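[1] just the structure for this:
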Amino acid sequence: MGPWLELCQAAAADVRTVLTELPTRAQREQVVGEGEGGDLTKAVDRGAERAVLRHFVRDDVRIVSEELGVQGEGRYTVVVDPIDGSQNSERGIPYFALSVAVAEGVTMDDVVFGYVYDFGSGEEWTAARGGGAFLDGRPLTEHPKDFVEIIHIEATAAAGIADRLPHLVPLVDRVRVMGALAISLCHLAAGRTDAVVSLKGARAVDIAAGQLLVRERGFAIDLFEDPPFEAAPLDVEARSRVVAGASPEVCARLAAALR
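    I've put the predicted structure just below:
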């Protein structure tokens, strides 16, 4: 993991400084522009992005970020979501994260390093391609269940939940709606939950880091409306909804319910 881990840790420390400097809801959710991904840019998003990107902008790096879009060319692609779970951070809900993925190419299959730092719990999730997945430096060992006892649902407008939840009910027991897709994928990788679904098209900035933890554990993740997953481009466009679970069979059952 080497220097990439050190850069991510420095970036996380700088985002903590930004959060300290913007302690109130009014300060954090002030609209300061519009990101390349189409979402309104809030003060906390812009401050966090600037704090993070200064660690990664260099001649051999192509940057993909929720607010900035795509910038530069180089051997590496660094995919950044400075605050995954922005609304949680604005409202003081301690479930949001810095998500960074490093790729030696421009597709999901090229991702070689993933980093997710949960600002609420202080947990640091990492993965290296072919090297495993870790929580605070310790290998992940627990497994999700083939029967989906607990599922994370993300991208959760109320209307979307009302529309899709009846179709998921026969397949799952308990539902968690948390608001940060990167962390939810990490919890699946740790066996804390058994599946993750996103009810709207996922972007690379949402999943590039977390998916590596899932895949390094040997679990399954799929962009079922725009396969194959491995070929998904690292950019800021929203594409297929995402499903993830213990096996391809679990993903197939969830995808059928979402259709």
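
[2] check what contacts stretch 229-237 and list those residues.
    36-37, 64-66, 69-70, 77, 79, 101, 103, 106-111, 203-205, 208, 211, 221-223, 226, 239 (C-beta atoms under 8 Å, 6 or more residues apart in numbering). Every residue, glycine included, has its C-beta placed from N, CA and C.

[3] would you confirm that residue 225 belongs to a helix?
    No. Residue 225 is assigned coil when assessed by DSSP: H, G, I helix; E, B strand; the rest coil, not a helix.

[4] just give the nearest non-adjacent residue to it, would you?
    Nearest-residue entry for residue 225: residue 240, 3.6 Å, with adjacent residues in sequence omitted and distances by C-beta to C-beta, 6 or more residues apart in numbering.

[5] and the one you found, what helix or strand is that in?
    Under the criterion DSSP states H and E, no helix or strand holds residue 240.

[6] ok, now the one 3 residues further on?
    Element membership of residue 243 [criterion: DSSP H and E] is strand 242-245.

[7] just checking, what packs against the helix or strand where residue 4 lies?
    Take DSSP H and E as the rule and residue 4 turns out to sit in helix 2-21. Contacts defined by 3 or more C-beta pairs under 8 Å, 6 or more residues apart in numbering; DSSP states H and E place helix 2-21 against helix 43-53, strand 97-103, strand 111-118, strand 124-128.

[8] adding distance to residue 134, write these out as JSON lines.
    Output for the helices and strands packed on helix 2-21, formatted as JSON lines (distance: least, C-beta to C-beta, whole Å):
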{"stretch": "helix 43-53", "distance to residue 134": "21"}
{"stretch": "strand 97-103", "distance to residue 134": "15"}
{"stretch": "strand 111-118", "distance to residue 134": "10"}
{"stretch": "strand 124-128", "distance to residue 134": "5"}
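
[9] among the ones you listed, which is the most enclosed?
    Burial of those is given as mean neighbour count (mean count of other C-beta atoms under 10 Å); strand 97-103 ranks first at a mean of 29.

[10] returning to what we had before: among the helices and strands packed on helix 2-21, which is nearest residue 180?
    Set against residue 180 and scored by C-beta to C-beta, the helices and strands packed on helix 2-21 come closest in strand 97-103, at 5.7 Å.

[11] tell me which residues touch the residue nearest to residue 225, please.
    Residue 240 sits next to 201-202, 223-227 when contact means C-beta under 8 Å, 6+ apart.

[12] again, but for residue 46
    Here residue 46 is in contact with 32-33, 67 (criterion: C-beta under 8 Å, 6+ apart).

[13] and these, which are buried?
    Buried by 16 or more other C-beta atoms under 10 Å: residue 67, out of those.

[14] which of the contacts of residue 46 fall in strands?
    32-33 (DSSP state E).

[15] out of the contacts of residue 46, which is nearest to residue 91?
    residue 32 (17.7 Å).

[16] how far away is the closest one from residue 47?
    The gap separating residue 32 from residue 47 is 9 Å, by C-beta to C-beta, to the nearest Å.

[17] ditto for residue 215
    Distance, residue 215 to residue 47, using C-beta to C-beta: 32 Å.

[18] the contacts of stretch 229-237, buried ones only, as a PyMOL selection?
    Filtering those down to the buried ones (16+ other C-beta under 10 Å) takes a single PyMOL command:
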select buried, resi 36+37+64+65+66+70+77+79+101+103+107+108+110+111+203+204+205+208+211+221+222+223+226
